[in-house]
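Q: predicted structure and sequence below. I'll ask about it afterward.
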Amino acid sequence: MKAKKKTLREEIEYRLGMYFGLRSGALYVRDEKFGNQDQIMKQLESDVTQDVKFLAKKELDKSLASDLSFRDVALFYKNYLMKK
């Protein structure tokens, strides 16, 4: 049986869930195989930012500024790109 390929939106929402779960303390890093919590959160921030910029360019023909904070990128996704 083939696994369903995740869409970019699903990937972004999964990574945002992981990020905010780690940040709130609901999730934790048990083994540091892929880095400690700070390194993992930085990687999640980077991945989400890159994917949101790509989606904004593709769907809205908008370029996001490179100096936006992660909070701004997450809010942009929520307000303009997330399917309701």
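A: Right, received. Where do you want to start? Residues are numbered from 1 along each chain as shown.

Q: all strands of the chain, in order?
A: Shown for the chain, no strands are assigned by DSSP state E.

Q: okay, which residue is most central for it?
A: The centroid of the chain falls nearest to V48 when counting by Cα atoms, centre = their mean (2.9 Å).

Q: nearest residue to that residue other than its sequence neighbours?
A: Using Cβ to Cβ, 6 or more residues apart in numbering and skipping residues adjacent in sequence, the residue nearest V48 is R15, 5.0 Å away. C-betas here are computed from N, CA, C, even on glycine.

Q: quick one: residues contacting the one you found.
A: When the contact criterion is Cβ atoms under 8 Å, 6 or more residues apart in numbering, the partners of R15 are 44, 47-48, 51.

Q: and what of L64?
A: 52-53, 56, 73, 76.

Q: next one: T49
A: 68, 70, 73.

Q: try it again with 10 Å
A: Shown in contact with T49 (Cβ atoms under 10 Å, 6 or more residues apart in numbering): 12, 64, 66, 68-70, 72-74, 76-77.

Q: buried ones only from these, please, as a PyMOL command.
A: The following PyMOL line selects those of those that are buried, judged by 16 or more other Cβ atoms under 10 Å:
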select buried, resi 12+64+70+73+74+76+77
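
Q: output the contacts of T49 in JSON lines, with pLDDT appended to each entry.
A: Conversion of these to JSON lines gives the following (pLDDT from 0 to 100):
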{"residue": "I12", "pLDDT": "96"}
{"residue": "L64", "pLDDT": "93"}
{"residue": "S66", "pLDDT": "91"}
{"residue": "L68", "pLDDT": "94"}
{"residue": "S69", "pLDDT": "96"}
{"residue": "F70", "pLDDT": "97"}
{"residue": "D72", "pLDDT": "97"}
{"residue": "V73", "pLDDT": "97"}
{"residue": "A74", "pLDDT": "97"}
{"residue": "F76", "pLDDT": "96"}
{"residue": "Y77", "pLDDT": "96"}
